[in-house]
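Enquirer: What follows is a predicted structure for the sequence shown.
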Amino acid sequence: MGDSVELYAFNSGDWEYEYSSMMRLQRPGDSYPSLCPFYLIDHPEATVLVDTGVSHDLVENPAEYGAYGAPHFEAFAADEIHTEEFRPASEQIRDVGVDPEDVDFVVMTHLHLDHAGDVDSFPEAEFLVQQDELAYAWWPADPIQRKLYVEGDFGVLRSPEFDVTAIEGHHDLFGDGSVECVPTPGHTAGHQSVVVELDEAGTVVLGGDVAFTDEAVERDLQPPFAWDTEEALRSTRRLRDLVRREDADCYLAHDREHHEALPTPPESLE
Ligand SMILES: [Zn+2]
């Protein structure tokens, strides 16, 4: 634990998806080499995880995952997500000297299966999730969205053993502007992005799935299954304006080039 803020970027699995499944009506048949990242923020006051990656248990044995299994995952994304060469979030953070029980906060951008996979490994942490996301995850009207929310991932948050703070809108973690949750709904009902202030790198925005890639930001492209496409575009524009105003760098979860531009742990962005 140093006296400055450091940001680490990890990958929990590769995800080769069809381009048009994430970019509405664009380049049908093409594939895109994406990934399932998560981040660790080492702040002088606390250790903060942003998302928990994809569950390796889900990918390896969907039928047995969680209390009710997730057999739909096999038909849905099992061939696209590859975890063989990766370790779960709770294991990878040990590479930078952090044990799962050292994590004080887990900020969830949203609860889709590629972001909420290792939640149950952090029973000591305080989870910060938008109230709208917690409610929406339970039963989205859209059956495609329902497939992206797996009870085995986040059901444990209902356990009295887990500390969940349902946040409403903007949330400044330390009251000093160094780590802030910014609501960016649209991809899902309660999606949020995270803004981090670093000494050398300046303002860094972890966009999550507000938009999937730079091209999506530039051309206002959303996945066909977005909770609310118009809301997602408004969130993307607000974030784009924040990036311009603060002269920030924005890293979108599924943009491979964004991820590769970040240092590989144990190196960090400072
Ligand atoms: Zn998502």
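Expert: Here it is on my side, so go on. Residues are numbered from 1 along each chain as shown.
Enquirer: in the stretch 51-200 of the chain, what residue is nearest the ion?
Expert: H112 (3.6 Å; C-beta to the ion). All C-beta atoms are positioned from the backbone trio N, CA, C, and that covers glycine.
Enquirer: gap between that residue and P37?
Expert: Going from H112 to P37 by C-beta to C-beta, to the nearest Å gives 13 Å.
Enquirer: And for D209?
Expert: Distance from D209 to P37, by C-beta to C-beta: 11 Å.
Enquirer: same check, this time on R94
Expert: For R94, the distance to P37 - C-beta to C-beta - is 17 Å.
Enquirer: Can you pick out the residue with more neighbours from the two?
Expert: P37 (28 against 12; other C-beta atoms under 10 Å).
Enquirer: didn't E80 look like it was pressed against Y17?
Expert: Yes: counting by C-beta atoms under 8 Å, E80 does reach Y17; the two are 5.4 Å apart.
Enquirer: Those two: which has the busier surroundings?
Expert: Legend: neighbour count by other C-beta under 10 Å for E80 and Y17, higher for Y17 (19 against 16).
Enquirer: Any idea what that one is bridged to?
Expert: Y32 (DSSP bridges).
Enquirer: need the contact list for the residue nearest to the residue of the stretch 51-200 of the chain closest to the ion when sequence neighbours are not counted.
Expert: Nearest residue to H112 in three dimensions, chain neighbours excluded: L148, at 4.6 Å (C-beta to C-beta, 6 or more residues apart in numbering). Taking C-beta atoms under 8 Å, 6 or more residues apart in numbering as the contact definition, L148 lies against 112-113, 225.
Enquirer: Show me where this protein has its helices.
Expert: Using DSSP state H, the helices assigned to the chain run over residues 19-22, 56-60, 72-76, 89-92, 131-138, 143-148, 151-154, 214-218, 229-246, 256-261.
Enquirer: Need the winner for burial among these.
Expert: helix 151-154 (a mean of 24; mean count of other C-beta atoms under 10 Å).
Enquirer: does the ion sit close to that helix?
Expert: No: judged by C-beta under 5 Å from the ion, helix 151-154 makes no contact with the ion; its nearest approach is 12.1 Å.
Enquirer: Pull the CA coordinates from that helix and hand them back as CSV.
Expert: Provided in CSV are the C-alpha atoms of helix 151-154 (Å, rounded to 0.1, in the frame of the first residue of the first chain):
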residue,chain,number,x,y,z
GLU,A,151,-28.0,-16.5,-10.4
GLY,A,152,-24.9,-18.4,-9.5
ASP,A,153,-22.8,-15.2,-9.9
PHE,A,154,-24.7,-12.7,-7.8
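Enquirer: Which elements pack onto that helix?
Expert: Under the contact criterion of 3 or more C-beta pairs under 8 Å, 6 or more residues apart in numbering; DSSP states H and E, helix 151-154 touches helix 56-60.
Enquirer: Residues contacting the helix it packs on, please?
Expert: 12-13, 64-65, 70, 73, 78, 81-83, 86-88, 113, 117, 150, 152-153.
Enquirer: Kindly report the same for stretch 77-95.
Expert: 8, 10-17, 36, 38, 40, 49, 51-56, 59-60, 62, 99-100, 103, 113-114, 117-118, 121-122, 265-266.
Enquirer: What average pLDDT does it get?
Expert: In this model, stretch 77-95 carries a mean pLDDT of 93.
Enquirer: ok, is that stretch in contact with the ion or not?
Expert: No: Stretch 77-95 stays clear of the ion (C-beta under 5 Å from the ion), getting no nearer than 11.7 Å.
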